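> coords please:
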Amino acid sequence: NFKNKNLAVFELDFEALFTSLNPDRKYSRLAEFPSVERDLAFEMDWGVKWEEILQTISANIKDKILKQIQFLSEFDLDGKKSVAFRTVYQDDKTLTDVEVDQVVQKIIKNIQDKFKATLRK
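All right, here's what the predicted structure looks like:
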């Protein structure tokens, strides 16, 4: 007796559902531990391109916690240019400021030495 009851009926075609799935799709787990972001800005000559900075960091900073480098901005600064980017750090544990700062200092030194850049505060 279904009189005066809320009832819903549906049909599901599992064959159509499974054939529409993309077998090449890759999934990754969500990170268990939070990431840490640090923004860095440098004053340098106009001849330096963002790609050169990225290549220099990628080639010289081989730390496993450095996960991403993202370009933020570039603008004129009295005949020089300011280049800003964000670095993202993550590990299989919660990172401390000391751990992140060690990698940040390597990046800063690397960019200062290679491009004669000055860290903007």
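
> Low-confidence regions, this structure specifically.
1-2, 4, 23 (pLDDT under 70).

> got a list of contacts for the lengthiest strand in it?
Scanning the chain for the longest strand, with DSSP state E as the assignment, gives strand 66-77. The list of residues contacting strand 66-77 from outside it, by C-beta atoms under 8 Å, 6 or more residues apart in numbering, reads 35, 39, 43, 50, 54, 57-58, 81-90, 103, 107. In short, each C-beta sits where N, CA and C put it, glycine included.

> and what of stretch 21-31?
Stretch 21-31 has contacts (C-beta under 8 Å, 6+ apart) with Q90.

> May I have that stretch exported as CSV, CA atoms only?
The C-alpha coordinates for stretch 21-31 follow below in CSV (Å, rounded to 0.1, in the frame of the first residue of the first chain):
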residue,chain,number,x,y,z
LEU,A,21,34.4,6.7,-17.6
ASN,A,22,37.8,7.8,-18.8
PRO,A,23,40.3,5.0,-17.9
ASP,A,24,43.2,7.4,-18.4
ARG,A,25,42.1,9.8,-15.7
LYS,A,26,44.5,9.9,-12.8
TYR,A,27,43.5,10.7,-9.3
SER,A,28,45.7,11.7,-6.4
ARG,A,29,45.0,11.8,-2.7
LEU,A,30,44.2,15.1,-1.0
ALA,A,31,47.1,16.3,1.0
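
> how about that stretch: buried residues?
The neighbour-count check on stretch 21-31 (16 or more other C-beta atoms under 10 Å) flags nothing as buried.

> Over to stretch 38-55?
For stretch 38-55, by 16+ other C-beta under 10 Å, it's 40-42, 44, 48, 53.

> got a list of what I57 touches?
With C-beta under 8 Å, 6+ apart, I57 has these contacts: 66, 69, 107, 110-111.
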